[in-house]
Each structure stands twice: as structure tokens, then as C-alpha cells.
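In: give me the fold of what follows.
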Amino acid sequence: MKKAIITGISGQDGYFLSKLLYEKGYEIHGVIRRNSSMSVGNMALLPEKVRESITIHYGDLTDANFFAKLLKDERPDELYHLAAQSFVGYSFQNPSSTYDVNISGTLNVVNAIKDYSPATRMYFAASSEMYGQPETVPQNENTPFKPRSPYAISKLAGFWTTKTYRDAYGLFMSNGISFNHESEVRGPEFVTRKISQAVGRIATGSREPLKLGNLDARKDWGYAQDYVEGMRMMLQHEKPDDFVFGTGELHTVREFATEAFSVAGMRIHWEGKGVDEKGVDEQGNVVVTVDAGLFRPLEADNFLADYSKAKKVLGWKPRTKFKELIKIMVENDMKGKKG
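Out: Numbering: from 1, shown residues only. This is a model prediction of the structure:
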């Protein structure tokens with residue numbers, strides 16, 4: 001039986017990865033940041049048999065001693081380093097915290113592997129945000145990185161730390177450059193879940209409009225469940241490497257919102273320009289407004305994944321289309337609003 005440690009197991013990707021590894025027969029250990037309520041986040045949503053099979057280690061990745069002891073004691077076959085401060089907007093508000101968790105935390109993970117469990121295969125969750133505002137479309141493993149947020153900078157530091165330790169010490173450490181991947185358990189601070197939850201409220205009687213930022217921001221959105229399959233594939237590969245995961249489709253925030261309302265049986269149209277733009281339903285009700293305060297200081301979009309390397313080398317490709325992803329999310333949030 002293989003043993004895997006998942007940092008950030010309480011998040012979206014940890015939820016789907018836990019289910020996948022359980023199905024594959026792994027012994028699963030999860031790292032959760034200690035909190036007063038002992039909350040386990042999305043782990044609470046896992047099927048009982050999966051949840052009860054997981055061994056939880058409460059600790060902080062910024063504590064080098066904690067992680068060193070964990071690796072020395074457990075010596076896992078695989079380690080999926082998903083834990084991060086992952087919200088771009090917050091990284092502008094608190095860059096110091098973002099750097100502490102994302103850079104220092106990653107350094108503690110790779111050092112613990114090097115010193116106490118060098119046979120462990122590690123996956124690092126890199127991000128398409130590292131590309132910033134790319135000049136070439138689509139982006140692949142060779143596209144230059146030009147980060148435009150503290151979050152993106154911290155992820156790039158983790159990416160290069162992983163590569164450097166791989167090359168310097170001969171360790172099996174791989175980077176997955178995942179483009180935006182969403183789901184029904186995505187955090188409510190992310191725009192896609194914000195949209196699906198608002199549509200759920202509005203479709204069941206709420207009169208509070210959905211407030212969005214840049215409607216023209218374009219992203220490559222996929223389904224998180226597909227992406228964690230790629231993560232595991234990377235650690236089964238014969239050698240460590242870096243891979244892009246995405247869908248190869250580009251859509252705006254406006255498109256996402258329009259389709260989300262459509263899933264709920266609501267047709268909306270758009271009026272106005274810029275911060276005065278509004279989404280209006282067939283009865284003339286304003287259901288979407290633009291809030292200038294939600295714009296990023298530096299926009300990063302135009303992300304379009306060229307995942308041809310992952311397809312050729314790993315046999316990976318996304319299975320869930322854009323409209324199907326939105327349908328999954330909206331129907332889940334409508335069901336929640338109906339009780």
C-alpha cells in the first residue's frame with residue numbers, strides 16, 4: 001500500500017485528491033493548519049469511509065521542525081504539496097503572510113524531504129498566474145513567466161525551489177502548472193463560486209445583485225477533479241518533470257456569469273460599459289453589477305493552456321467542458337439554497 005501526504009488537504013484539490021487516492025488504495029495522511037475549532041474544511045464533505053481513513057496531522061508549514069518530524073516519522077511514497085495562501089486578491093492586501101506560507105512553507109517541505117525522506121516523490125502545485133499577462137497564446141512549459149501579483153511571485157519562487165532541489169539533489173520533485181480549476185467545493189472568495197452561489201440565491205428569490213469586478217478578464221477554466229488525476233499521473237511517471245494542465249479554452253467572466261444564470265433557467269443580457277455595465281434579466285431586474293473595488297491592481301488574464309506535453313507524455317486530458325463545469329457548480333448551489 002502506497003502512503004501519501006497531502007498538504008492543504010482541507011482545500012478544493014485536497015478534497016478531490018483524497019477521494020482519488022482512496023479509490024487507488026493509498027494510506028492517506030493530511031496536513032491541516034491548527035485552528036481553535038479544529039475545522040477540517042472540505043474534508044467534512046468527504047464520504048464517511050474516505051474521511052475516516054485519513055490520518056490528520058495538525059501543524060503549520062512555516063514551522064520547519066514540525067514538517068521535518070512528520071517526514072522523518074512517515075517517510076511517504078508521495079507528497080502532494082497543495083497548501084498555500086491561494087487567493088490573488090488577498091495577496092495584494094497581505095503579501096507578507098502570502099510569502100511566509102507559500103515560500104517559507106515550500107522551502108520547509110523540500111528541505112524535510114531532502115534531509116529525512118529522499119525517496120519521496122513530491123508534487124508542487126504551481127499556477128498559471130505565474131505567466132502574468134502573457135504576450136504569447138497559448139502558454140506551455142516553455143512560456144516565460146511574468147508574475148503580476150504577490151501570489152504569483154510566491155508560486156514562482158516555489159516552482160524554482162522545486163526545480164532547483166530536483167536538479168541539485170537528484171530528488172523526484174515535479175511542478176504542475178495548473179490553470180484555473182473550479183468545482184462545487186471551490187472557496188466562496190473565488191469568482192466562479194461567487195457567481196454560482198449568487199445565481200443559486202437569485203434563482204430562489206434573492207433580490208441582491210451579484211457584484212463582480214472585471215467582466216472582460218479571460219481565463220482557462222476547468223474542473224478540479226480532472227486536474228488531480230493529472231497530479232497523480234505525474235508522480236507515477238518514470239522521471240520528475242513539469243507539466244501544464246488546462247483546457248485550451250478561453251472564456252470571460254461575463255461568459256461564465258451568463259452561462260451560470262442560463263443553467264438556472266434565467267436569460268440575462270448586458271447593458272452599459274465599464275463600471276456602469278449591468279446584467280439584466282428578462283423581467284428587467286438588475287442581477288449583476290460591476291464593483292470597481294473588485295478590480296485587481298494589476299490584471300492577469302489571457303491565460304490559455306497548451307497541455308499537449310501532458311497529453312503526449314502522461315496521457316492526460318481534461319474531460320469536463322466549460323458548460324458542464326458551470327452546470328455542476330450552479331446545480332450544487334441551487335440545491336443548497338433549496339434546503
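
In: stretch 275-286: how far from the chain's middle?
Out: Distance, stretch centre to chain centre, for stretch 275-286: 30 Å (CA atoms, centre = their mean, to the nearest Å).

In: contacts for it?
Out: Outside of stretch 275-286, the residues within contact range by CB atoms under 8 Å, 6 or more residues apart in numbering are 207, 209-210, 215, 257-258, 261, 266-272, 287-292. Quick note: C-beta positions are derived from backbone N, CA and C, even for glycine.

In: all strands for the stretch 151-300 of the chain, in order.
Out: 173-178, 181-182, 210-212, 218-219, 222-223, 242-245, 251-252, 268-271, 278-281, 286-290 (DSSP state E, counting those that start in this stretch).

In: mean neighbour count, distance to G158 and mean pLDDT added to the ones you listed, as a markdown table?
Out: Conversion of the strands of the stretch 151-300 of the chain to a markdown table gives the following (neighbours: other CB atoms under 10 Å; distance: least, CB to CB, whole Å; pLDDT from 0 to 100):
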| stretch | mean neighbour count | distance to G158 | mean pLDDT |
| --- | --- | --- | --- |
| strand 173-178 | 26 | 8 | 98 |
| strand 181-182 | 26 | 17 | 98 |
| strand 210-212 | 19 | 29 | 97 |
| strand 218-219 | 22 | 21 | 90 |
| strand 222-223 | 25 | 21 | 98 |
| strand 242-245 | 25 | 12 | 98 |
| strand 251-252 | 17 | 27 | 95 |
| strand 268-271 | 14 | 38 | 97 |
| strand 278-281 | 18 | 37 | 96 |
| strand 286-290 | 19 | 33 | 97 |
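
In: quick one: closest of these to R193.
Out: Smallest distance to R193 across the strands of the stretch 151-300 of the chain (CB to CB): 7.0 Å, for strand 181-182.

In: can you tell me what sits against stretch 244-252?
Out: 128, 137-141, 176-179, 181, 215-222, 226-227, 230, 302-307, 309-310, 316, 318, 321-322.

In: using CSV, write down the CA coordinates of it.
Out: Coordinates of each C-alpha in stretch 244-252 appear next as CSV, following Å, rounded to 0.1, in the frame of the first residue of the first chain:
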residue,chain,number,x,y,z
VAL,A,244,0.8,22.3,-17.8
PHE,A,245,-2.8,21.3,-17.0
GLY,A,246,-5.7,23.2,-18.6
THR,A,247,-8.5,23.0,-21.1
GLY,A,248,-7.2,25.0,-24.1
GLU,A,249,-10.4,27.1,-24.0
LEU,A,250,-10.6,30.8,-23.1
HIS,A,251,-13.7,32.4,-21.6
THR,A,252,-14.5,35.8,-19.9
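
In: centroid residue for this protein?
Out: H181 (5.6 Å; CA atoms, centre = their mean).

In: which residues touch that one?
Out: Q12, D13, W221, G222, Y223, A224, D226, Y227, F245 are the contacts of H181 under CB under 8 Å, 6+ apart.

In: do that again at 6 Å, thanks
Out: By CB atoms under 6 Å, 6 or more residues apart in numbering, the contact set of H181 is G222, A224, Y227.

In: again, but for I202
Out: Neighbouring residues of I202 by CB under 6 Å, 6+ apart: V287.

In: go again using 8 Å as the cut-off
Out: Counting by CB under 8 Å, 6+ apart, I202 touches E208, P209, L210, F261, A264, M266, V287.
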